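Peer 1: let me see the structure of the following:
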Amino acid sequence: MKNRVLTLLLICTLPTLSFSQTFFASGMKESLLKGRVKQVEEFMARFNNEEDWEGKKTNLNKDTAYHAQYLRTLFDHSRFRVKNGKLIPQAEQFIRDVVKNNYKIHFTDTTWVAQVDCKAKINRKSTKIKLFLHTRQKAKHEYEWVIFQIECPLLPADSTITHPFISPIEHEIGFTGLLSLPIGEHQEIIIKDITDVTFVFFNVPGYAFSIERLERKNSYNTGWLITNLNLTTNN
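Peer 2: Sure thing, here's the model as predicted:
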């Protein structure tokens, strides 16, 4: 009889444990997903202290302590974090400057650049190529991406660049619209694969910083993060 009672208790308890564990794991995954900087414009909104992890608009622009802490989450901790939640001195100074002066970054700015590393074919020869793009206003409330520089060992440094239309949302889909798009003075460049995308911002006086998409499991510090920070002479 005792054995039967114990068996029934185990049968009743196991589903409860399984449900609790599943619920906890589901909650963790949801929290991690919210922490991940999923899009470039989401990075911008968090940088500007305009959006929280829930994706909701914030009214915390005057809360400088919150803004500073939020900015720390946008740095790649494997490169910049030291201890006690702080970052290396240069990054901390950058954060203080951004918060003090309330610097913002936006898609429509002309002070940021996309670097797109590709595999390409030029006149049927396989090669690696770097494309540099910036946004350009076509009309009121209408923008596009424009290639302004190409680096490739098979091309002369003064190569003429054509300006095919590149959608203003390409930065959110890895510039895949460039694939098989003819580029160059004689449309001799064919992009076959996108290998890496980096964005460089010059919006904050005295600094240049880059963001890249980093993929990490079971971490809040993932997605589009600051991976490089340099001092500049332009103040």
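Peer 1: what's near enough to touch residue 133?
Peer 2: Going by Cβ atoms under 8 Å, 6 or more residues apart in numbering, residue 133 touches 113, 114, 116, 145, 146, 147, 148, 166, 175. The C-beta positions use only the backbone N, C-alpha and C, and glycine is treated the same way.
Peer 1: and residue 207, what are its bridge partners?
Peer 2: According to DSSP bridges, the partner residues bridging residue 207 are residue 231.
Peer 1: burial measure for it, as a count.
Peer 2: By other Cβ atoms under 10 Å, 20 other residues sit near residue 207.
Peer 1: could you measure from it over to residue 150?
Peer 2: Distance, residue 207 to residue 150, using Cβ to Cβ, to the nearest Å: 26 Å.
Peer 1: how about the contacts of residue 133 in a markdown table, adding distance to residue 132, neighbour count and secondary structure?
Peer 2: As requested, the contacts of residue 133 are exported to a markdown table (distance: Cβ to Cβ, whole Å; neighbours: other Cβ atoms under 10 Å; DSSP: H, G, I helix; E, B strand; the rest coil):
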| residue | distance to residue 132 | neighbour count | secondary structure |
| --- | --- | --- | --- |
| 113 | 6 | 18 | strand |
| 114 | 7 | 20 | strand |
| 116 | 8 | 23 | strand |
| 145 | 11 | 24 | strand |
| 146 | 10 | 16 | strand |
| 147 | 7 | 21 | strand |
| 148 | 6 | 13 | strand |
| 166 | 12 | 22 | strand |
| 175 | 12 | 21 | coil |
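Peer 1: which residues of this protein fall in strands?
Peer 2: Counting by DSSP state E, the chain has strands at residues 112-122, 125-139, 142-151, 182-183, 189-201, 207-214, 223-231.
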